[in-house]
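>>> one predicted model, sequence on top.
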Amino acid sequence: MEKFIASSAFEKATIKRLSAAVQVKTESYDDLGKIGEDKRWDVQYDFNKYLKKTFPRIFSQLRIEYVNTHGLFITWNGTEPELKPTLLMAHMDTVPVPPETIDQWTHPPWSGYYDGKFVWGRGSSDCKNQLLAVLESVDLLLENGFVPKRTVLMSFGFDEERGGPQGAGHLAPFIFERYGKDALAVIVDEGGGFADNWGASMCMPGVAEKGHIDVEIVIRMPGGHSSIPLPHTAIGVMSELIVLIEDNPYEPHLVDKNPYLGALYCGADHAPDFPDKLRKILEKSRGHETCNAANDELAQEAAKMSPFVRYLMQTSQAADIIGGGVKVNAMPERVSAFVNHRINIGSTSESVKTKVTSLAQQIAEKHNLTLHAFDDAKEERNSIFLKAGYNELEPAPLTPTNVDELTAYAVLSGTVRALYGEDVIVAPGLMTGNTDTRYYWDLTRHIFRFAPGWDGEQGGLANGVHTVDEHVSVKAHINGVKWFSLFIRNMDEATLD
């Protein structure tokens, strides 16, 4: 089987499968209506038909169930049912492609074009590649007569890009009802991968993820003819508030339980080019039960490396949506905006609400407006309203990362090093975004947000995710298939329960 995965025949076949998967236009929109009423959901029928046609062995030999119409749940029963199952996840949907950006793509976004090294298109790296890697590995194991001891479960949502309420939000309770609390040995979903850090190749599976809150701001002010304008329209006031929010970012803050602190320790111990200044600051905190003062100094220094590193230790804020006004000669009576926040480890959604409320109060007082902050008040004129979005989420529980005994993290790490070599440093990683695992916390403590496919030359990080020219290395994708096939077998042999 392993020789076949490395063959040109498998490469041609997997390119064809991944390309065809990208060509099914499974876009998720924030304003999707009810399943069965909003026809935009119906493309999921097409994608599930594609999967059934592409993997007939899986669909004929394993237990297939559909949850909330489109959610796909697959069970491969093990011979030793007392062992906790392995759960592998991915999602079938993608973010939309804005029509005005299509001409900016090197290859059309729904073409699945293969250029000899990469497959291009929306969903190629987020995350139809991971979904296919899971199914291809299981299909190959079935074909080669492998029978698992430990049950293998596969759970594929269909609206992760809008927070997962209809997909994972129904799949997780379905699994919980069948298996119960803490019933799974491990969960692997999409997430962090590989990077070159400080002269070393590092693999950083996400063992936690930041929280999430979308703050909606609504400003209601009098309208009227624009030839006799107010000193400040609702749009002007909203602009002032957004600028005030952007001018007051959160500071980097590194608490002991942030996985990035563990990554810094690994880098200091094993990476040849780890900065001396960081090393000296790190030594101040190493070995202390509480080291927040030294950690803050460390956070300020580490944040200088890149915005990506900074936001591993800092609550982010981004004004992403704004709307208001209906006519060029009429002052707007209602203006709204959404500010997306990803909450730092050690912080809370309440701290975000407190800060936004404080800033909004300054603008309300300046313009003689009433502030209603997260109180569900009915909208009225001359007011600012702050509301929390539907998918508010606290930072995730931390997955155990000890390797002194055989843990799920040790099995994952060992599988990485077995495939890619012992020079690869495996260190705990942090997701700045959120995956469908947000619904699965009660099923196991051992949750990994991890993209196991690595090119080596091109890196394992996804290319063009959520933007123009999304693409994925075929070599990385094939390595993902190798990793999943090996991980399933390694979990089968691991005594974790």
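Happy to help now that I have it.
>>> every contact and neighbour count from this point should use C-alpha atoms.
Noted.
>>> what are the C-alpha coordinates of stretch 377-387, in PDB please?
Coordinates of each C-alpha in stretch 377-387 appear next as PDB, following Å, rounded to 0.1, in the frame of the first residue of the first chain:
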ATOM      1  CA  ALA A 377     -32.800  46.800  23.900                       C
ATOM      2  CA  LYS A 378     -35.100  47.600  21.100                       C
ATOM      3  CA  GLU A 379     -33.600  49.900  18.500                       C
ATOM      4  CA  GLU A 380     -34.500  53.600  18.800                       C
ATOM      5  CA  ARG A 381     -33.300  56.900  17.400                       C
ATOM      6  CA  ASN A 382     -30.200  58.800  18.700                       C
ATOM      7  CA  SER A 383     -28.600  55.600  20.100                       C
ATOM      8  CA  ILE A 384     -25.700  53.300  19.700                       C
ATOM      9  CA  PHE A 385     -26.300  49.600  20.100                       C
ATOM     10  CA  LEU A 386     -23.700  46.900  20.700                       C
ATOM     11  CA  LYS A 387     -24.700  43.300  20.100                       C
END
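>>> tell me the buried residues in that stretch?
382-387 (16 or more other Cα atoms under 10 Å).
>>> list the contacts for the closest residue to G121 other than its chain neighbours?
Closest residue to G121 apart from its sequence neighbours, by Cα to Cα, 6 or more residues apart in numbering: P109 at 4.2 Å. The contact partners of P109, by Cα atoms under 8 Å, 6 or more residues apart in numbering, come to 97, 102, 120-122, 469-470.
>>> the same query, at a cut-off of 10 Å, please.
22-23, 25, 97, 101-103, 120-124, 468-471 (Cα atoms under 10 Å, 6 or more residues apart in numbering).
>>> ok, now A299?
251-255, 260-261, 278, 281-282, 292-293, 309-310, 312-314.
>>> how about T69?
T69 neighbours (Cα under 10 Å, 6+ apart): 35-36, 41-42, 44-45, 166-167.
>>> quick check, nearest of those to K128?
Q44 (13.1 Å; Cα to Cα).
>>> name the SS class of that closest one, please.
Classification of Q44 by DSSP: H, G, I helix; E, B strand; the rest coil places it in helix.
>>> so it sits against K25, correct?
Yes. If you go by Cα atoms under 10 Å, Q44 and K25 touch, sitting 8.9 Å apart.
>>> before we move on, the earlier item: ok, and the most crowded of the contacts of T69?
With neighbours taken as other Cα atoms under 10 Å, the top of those is G167, carrying 27 neighbours.
>>> can you list phi and psi of the residue nearest to it when sequence neighbours are not counted for me?
Using Cα to Cα, 6+ apart and skipping the chain neighbours, the partner closest in space to G167 is G157 (4.4 Å). Dihedral angles of G157 (phi, psi; degrees, to the nearest 10) stand at phi -80, psi 180.
>>> may I have stretch 400-412 as PDB, with CA atoms only?
Provided in PDB are the C-alpha atoms of stretch 400-412 (Å, rounded to 0.1, in the frame of the first residue of the first chain):
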ATOM      1  CA  PRO A 400      -2.600  17.600  27.000                       C
ATOM      2  CA  THR A 401       0.800  17.600  25.400                       C
ATOM      3  CA  ASN A 402       2.900  15.500  27.800                       C
ATOM      4  CA  VAL A 403       5.000  12.800  26.200                       C
ATOM      5  CA  ASP A 404       6.400  11.200  29.400                       C
ATOM      6  CA  GLU A 405       3.800   8.500  28.800                       C
ATOM      7  CA  LEU A 406       1.900   7.300  25.700                       C
ATOM      8  CA  THR A 407      -0.700  10.000  25.000                       C
ATOM      9  CA  ALA A 408      -2.600  10.900  21.800                       C
ATOM     10  CA  TYR A 409      -0.100  13.800  21.400                       C
ATOM     11  CA  ALA A 410       2.800  11.400  21.600                       C
ATOM     12  CA  VAL A 411       1.200   9.200  18.900                       C
ATOM     13  CA  LEU A 412       0.600  12.200  16.700                       C
END
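>>> please renumber so the chain begins at 43
Happy to do that; since the first residue is 43 now, the last one works out to stretch 442-454.
>>> that stretch: which residues count as buried?
Buried, per 16+ other Cα under 10 Å, within stretch 442-454: 442-443, 449-454.
>>> over to stretch 109-121?
Result for stretch 109-121 [16+ other Cα under 10 Å]: buried residues 109-110, 112-120.
>>> now those residues in CSV, with secondary structure?
Below are the buried residues of stretch 109-121 laid out as CSV (three-state DSSP):
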residue, secondary structure
V109, strand
N110, coil
H112, coil
G113, strand
L114, strand
F115, strand
I116, strand
T117, strand
W118, strand
N119, coil
G120, coil
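>>> out of these, flag the one nearest to R262.
Among these, and counting by Cα to Cα, the member closest to R262 is N110, at 38.3 Å.
>>> to which secondary structure element is the closest residue in space to the closest one that isn't next to it in sequence assigned?
Leaving aside its chain neighbours, N110 sits nearest to H212 (6.6 Å; criterion: Cα to Cα, 6+ apart). Using DSSP states H and E, H212 falls within helix 210-221.
>>> all good on my end, thank you.
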